[in-house]
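Participant: This is the structure alone, sequence omitted:
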Ligand SMILES: Nc1nc2c(c(=O)[nH]1)N[C@@H](CN(C=O)c1ccc(C(=O)N[C@@H](CCC(=O)O)C(=O)O)cc1)CN2
Ligand SMILES: [Mg+2]
């Protein structure tokens with residue numbers, strides 16, 4: 001089995017981007033800037049934001065953190081986004097999700113300038129993805145595609161099954177796979193014969209949010225399995241797939257942790273550098 005090592009791949013991407021940013025800096029005199037908004041005190045979000053800021057530093061991207069209390073009002077948050085839209089040193093704006101109760105994340109995401117929407121959550125970005133037009137792609141599914149590319153795994157003509165239909169993973173991932181000429185099935189909680197659907201897949205993408213949901217009997221021999229799940233259990237962090245049980249059956253698989261998670265952050269950096277380049281007309 002080939003271990004699809006997201007941690008190592010993400011580290012390689014950060015290094016490559018660092019070199020690229022160095023060249024961009026010497027040719028333009030400017031550096032990419034990412035604004036990271038964290039509202040409230042969700043501990044997992046705080047970790048992700050810290051990791052994003054660290055990753056930016058490693059790649060030479062200037063990150064500006066905006067840590068807001070859970071009591072922040074909708075108006076304050078919207079005011080900050082408007083200000084960042086106008087700030088020429090900011091090439092990417094991200095609002096860490098979830099936001100505290102009482103804040104409307106959809107209204108905030110709507111306000112982000114689509115040219116700075118490095119998380120790819122703005123309806124314009126989603127529309128561009130749907131139409132196959134250039135634009136920012138949601139970091140988790142785009143990071144998955146980048147990981148497959150780095151391992152030379154081509155989905156064209158293959159049967160891909162996505163388990164999960166969230167706006168930030170399942171739906172955009174299905175569209176990206178379709179764009180790459182996979183035959184795509186999206187499964188969810190109401191799918192009849194889910195195990196049978198998954199068993200027919202050459203590529204399985206699990207984004208259900210249920211620990212060890214994908215079992216050995218559900219996967220065909222030689223399939224490629226990408227586990228997008230991050231579940232905190234008493235036994236620690238586990239994915240949506242039973243890694244130990246699948247290991248001897250599949251051709252390639254991502255671990256959790258160290259698979260898709262680090263690629264999400266690497267993709268954010270890729271998107272931010274791309275946004276910077278576009279601003280410079282490159
Ligand atoms: N504005 C956004 N909010 C959220 C996104 C997003 O892409 N943009 N995705 C998730 C959270 N997320 C990034 O924000 C994220 C989750 C997990 C990881 C990661 O590296 N996970 C590690 C394990 C780390 C741990 O101990 O938890 C791994 O899988 O190896 C990175 C980013 C929801 N919100
Ligand atoms: Mg994501």
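Facilitator: Good, I have the coordinates. Everything numeric in this text was worked out from a predicted model, so none of it was measured. Residues are numbered from 1 along each chain as shown. Ligands and ions are numbered 1, 2, ... in the order given.

Participant: quick one: residue 143 and residue 264 touch, right?
Facilitator: Yes. Counting by Cβ atoms under 8 Å, residue 143 does reach residue 264; the two are 4.8 Å apart. Glycine gets a C-beta too; all of them are placed from N, C-alpha and C.

Participant: For the two, work out which one has more neighbours and name it.
Facilitator: Remark: of residue 143 and residue 264, residue 143 carries more neighbours, 28 against 25, as counted by other Cβ atoms under 10 Å.

Participant: Contacts only, for the residue nearest to the more buried one when sequence neighbours are not counted.
Facilitator: Among residues not flanking residue 143 along the chain, residue 263 sits closest, at 3.3 Å (Cβ to Cβ, 6 or more residues apart in numbering). Taking Cβ atoms under 8 Å, 6 or more residues apart in numbering, we find residue 263 in contact with 6, 9, 10, 140, 143, 144, 146, 147.

Participant: The second one touches residue 265, doesn't it?
Facilitator: What that stands for is residue 9. No. Applying Cβ under 8 Å, one finds residue 9 not in contact with residue 265, separated by 11.4 Å.

Participant: Where does pLDDT dip in this protein?
Facilitator: For the chain, applying pLDDT under 70 flags no range at all.

Participant: Going by residue numbers, what spans are strands in it?
Facilitator: Taking DSSP state E, the strands of the chain run over residues 2-3, 33-39, 62-68, 92-95, 159-163, 183-187, 203-206, 224-227, 231-233, 236-238, 252-253.

Participant: Run a quick neighbour tally on the residue in the chain positioned nearest to ligand 2.
Facilitator: Residue nearest to ligand 2 within the chain: residue 140 (3.3 Å; Cβ to the ion). Neighbour count of residue 140, defined by other Cβ under 10 Å: 24.

Participant: try residue 234
Facilitator: For residue 234, the count of nearby residues is 4 (other Cβ under 10 Å).

Participant: give me every residue that touches residue 139.
Facilitator: Contacts for residue 139 (Cβ under 8 Å, 6+ apart) come out as 118, 119, 120, 264, 265, 267, 268, 271.
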